[in-house]
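Novice: predicted coordinates and the sequence they were generated for:
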Amino acid sequence: MLGVALLIVTVVHVSGHAARSFADEAAFAAAILFIGTCMAAHLAISRANKKFDAVADKLFFFGLLTLLFGALTFWF
């Protein structure tokens, strides 16, 4: 999902829609959330801690919502 978010940022900038669209900012925010998801998932695996697992799940969910919001703002 991190790659998808960064691809959206790239496509919006290459297409020239970055100035009039909020999609690249939303996709970049989603990429930051997905990086946080990766870090929390790594900590959950390495430390066998359910707390980090729950954090990773929540960050992933909010990353998906942010990515969806960014995609919708690009099309409308």
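Specialist: Yep, that arrived. Numbering: from 1, shown residues only.
Novice: what about the helices in the protein?
Specialist: 2-15, 23-47, 50-75 (DSSP state H).
Novice: any chance of the ones you listed in a markdown table, with mean pLDDT too?
Specialist: Output for these, formatted as a markdown table (pLDDT from 0 to 100):
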| stretch | mean pLDDT |
| --- | --- |
| helix 2-15 | 84 |
| helix 23-47 | 93 |
| helix 50-75 | 92 |
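Novice: hey, which of those helices is tucked in deepest?
Specialist: Stretch with highest mean neighbour count among the helices of the chain: helix 23-47 (a mean of 18; mean count of other C-beta atoms under 10 Å). The way it works is simple: take the backbone N, C-alpha and C, and place the C-beta from them, glycine included.
Novice: who touches that helix?
Specialist: Residues from elsewhere that reach helix 23-47 (C-beta atoms under 8 Å, 6 or more residues apart in numbering): 1-2, 5-6, 8-9, 12-13, 17-18, 49-53, 55-56, 59-60, 62-64, 66-67, 69-71, 73-74.
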